[in-house]
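Undergrad: The following block contains a protein sequence and its predicted model.
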Amino acid sequence: MKPVLKQFTLFQNKVHFFVLIILFTSNVQPIFAAENGKLSIDVEQPGAIIYLNGERKGITGPKGKILLAVPQGNYHLFIERGIYQSVYSYQLIKQISIRKGDTLKLKMSLKRALNPIWKMDFESILAKNIKQPPIFPELKQLKMLEIPEGEFIMGNHDVMFSKPAHRVKIQAFKIAQHEMTFDLYDRFVKQTSYDIPEDDWGRGRQPATHVSWYDTIIFIQWLNSITTPKQPYRLPTEAEWEYAARAGTQSTYWWGESSGKNRATCSDCNNPWYQRTSPVGIFPANSFGLHDTSGNVYEWVQDCWNSHYEQAPKDGSPWLSGYCKYRVIRSGCWFFNEKEIRSASRTWNTPTKRDSTIGFRVAQDGH
């Protein structure tokens, strides 16, 4: 789209100032030559990119609409609205015909789909995978717990980044009893020749660390490929994670108002696991049966980072807008103090980050 140039002459103290202002605007009307037809698109989503035969033609405006001048012919229409650094985007593919002098009006909804780059990367990683899904003994350690539907107050007015406290309704879902361990993650690495994550205090039943947000997505796709579950594995949403961690409580920690002794792994949690991770499941579980939802390692969730809960989803779905170059991590970890392992505490990191403080656990939709 060519810029529109406007020239303004300013008169001040009898001195002329000439200012050229370049205005880039989506309101510039397309030029409709006699041999062109018109393509009117309404996808009800702003910022969707329109491609015809692989060539980018424009972006939908604030109301999700765009009008294009298109030469007569047959076209492969591809529309995509992406989420920055996300595994999924919203897409539509359609074959269309444009006739000279006619207007083709399309009102459509985009569908959520795996970004092609992720699909391609995943297929290359699994290129050496065997044809029949194997049965690995490590899979027996992956115990998924059913979490009932309900409502809870998410956040806390006294905790940084957790304001305002707000009511959220959660649908039934499943979440892993434990943080993902090196046992199963190392099986994934061996099976796919994926990057071997570092370890600091051994592997086995230690939580898998040095795993980025991107790494978890690839791991989860592998896990789905070898188990073909009725409900695919995924990362939990931030709301699901806090609901499961609280397990029906509104206290500072799920067990009470003080960190106590031998409840969690953090820098001042009064237990033998000082300044290091502990094997998963050695501390008591909450009333939902989950272990290590306070401390040990931070856990990746699906959501983009927002420093507040204003306009956060109230239905338990992931918040996929905001500062999506960062992803939310929950739980606190061994390196930080008891304030960071509170049920409402939350922070962020870049999705490429790999270090000894971050791991994850998986979730599934309910039945």
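TA: Structure's in. What do you need? Computed from a predicted structure; not experimentally measured.

Undergrad: Using the record's domain definitions, break this protein down for me.
TA: Annotated domains of the chain cover 4-114, 118-365 [automatic domain parsing].

Undergrad: quick check: mean pLDDT across the last one?
TA: When pLDDT is averaged over domain 118-365, the result is 92.

Undergrad: Flag every buried residue along the lengthiest helix in the chain.
TA: Once the chain is assigned using DSSP state H, the helix that runs over the most residues is helix 213-227. Residues 213-224, 226 are the ones in helix 213-227 that count as buried (16 or more other CB atoms under 10 Å). In this view, the C-beta of every residue, glycine as well, is placed from N, C-alpha and C.

Undergrad: before we move on, back to that, deepest of the domains of the chain, which one?
TA: domain 118-365 (a mean of 19; mean count of other CB atoms under 10 Å).

Undergrad: who does Tyr90 bridge with?
TA: Arg81, Arg112 (DSSP bridges).

Undergrad: Over to His166?
TA: Met154.

Undergrad: Surely it is in contact with Phe152?
TA: No - the criterion here is CB atoms under 8 Å, and His166 misses it with Phe152 at 9.9 Å.

Undergrad: quick revisit: of all the buried residues of helix 213-227, which comes closest to Ile79?
TA: Among the buried residues of helix 213-227, Ile217 lies closest to Ile79 (CB to CB), at 23.6 Å.

Undergrad: I'd like the distance between that closest one and Gly248.
TA: Distance check for Ile217 against Gly248: by CB to CB, to the nearest Å, it reads 30 Å.

Undergrad: Next: Ala264.
TA: Distance, Ala264 to Gly248, using CB to CB: 18 Å.

Undergrad: Same check on Pro313?
TA: Pro313 is 21 Å from Gly248, where distance means CB to CB.

Undergrad: if I look at the residue most central in space within the chain, how far off is Trp319?
TA: Using CA atoms, centre = their mean, the residue of the chain that lies closest to the mean C-alpha position is Gln302, 3.4 Å off. Between Gln302 and Trp319 the computed distance is 8 Å (CB to CB).

Undergrad: Show me where the protein has its helices.
TA: All helices of the chain, identified by DSSP H, fall at 116-125, 182-192, 213-227, 238-246.

Undergrad: Format these as CSV; extra columns: distance to Asp268.
TA: CSV is the format used below for those (distance: least, CB to CB, whole Å):
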stretch, distance to Asp268
helix 116-125, 40
helix 182-192, 26
helix 213-227, 28
helix 238-246, 20
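
Undergrad: Go through these and name the closest to Tyr274.
TA: With respect to Tyr274, and counting by CB to CB, the nearest of the helices of the chain is helix 182-192 at 20.6 Å.

Undergrad: now the closest one against helix 213-227, angle please.
TA: Between helix 182-192 and helix 213-227, the angle comes out at 80 degrees (axes from the mean of the first three to the mean of the last three CA atoms, to 10 degrees).

Undergrad: Wait, Val301 touches Ser331, no?
TA: No - checked against CB under 8 Å, the pair Val301 and Ser331 is beyond contact range at 9.7 Å.

Undergrad: how close does Ala244 sit to Ala172?
TA: According to CB to CB, Ala244 and Ala172 sit 11 Å apart.

Undergrad: Which neighbours do those two have in common?
TA: Ile147 (CB atoms under 8 Å, 6 or more residues apart in numbering).

Undergrad: who touches the residue nearest to Ser307 when sequence neighbours are not counted in this structure?
TA: Leaving aside its sequence neighbours, Ser307 sits nearest to Phe161 (CB to CB, 6 or more residues apart in numbering; 5.3 Å). Going by CB under 8 Å, 6+ apart, Phe161 touches Ser307, His308, Arg346, Thr347.

Undergrad: likewise Gln91?
TA: Counted by CB under 8 Å, 6+ apart, Gln91 has contacts Phe78, Ile79, Glu80, Arg81, Leu110, Lys111, Arg112, Ala113.

Undergrad: how about a cut-off of 7 Å?
TA: Ile79, Glu80, Leu110, Lys111, Ala113 (CB atoms under 7 Å, 6 or more residues apart in numbering).

Undergrad: any idea how far the closest residue to Gln72 other than its chain neighbours is from Ile66?
TA: With CB to CB, 6+ apart as the criterion, Gln72 has its nearest non-adjacent residue at 4.4 Å, and that residue is Lys100. Separation of Lys100 from Ile66 (CB to CB): 20 Å.

Undergrad: Could you do Lys143 as well?
TA: 49 Å.

Undergrad: Same question for Arg205.
TA: 54 Å.

Undergrad: beta partners for the spatially closest residue to Glu146 that is not a sequence neighbour?
TA: Using CB to CB, 6+ apart and skipping the chain neighbours, the partner closest in space to Glu146 is Lys174 (5.6 Å). Bridge pairing for Lys174 (DSSP bridges) gives the partners Glu146, Gln364.

Undergrad: which residues does Lys174 contact?
TA: By CB under 7 Å, 6+ apart, Lys174 lies in contact with Met144, Leu145, Glu146, Ile147, Ala363, Gln364, Gly366.

Undergrad: I'd say the second one and Gln177 touch.
TA: It refers to Leu145. Yes - the criterion here is CB atoms under 7 Å, and Leu145 meets it with Gln177 at 5.3 Å.
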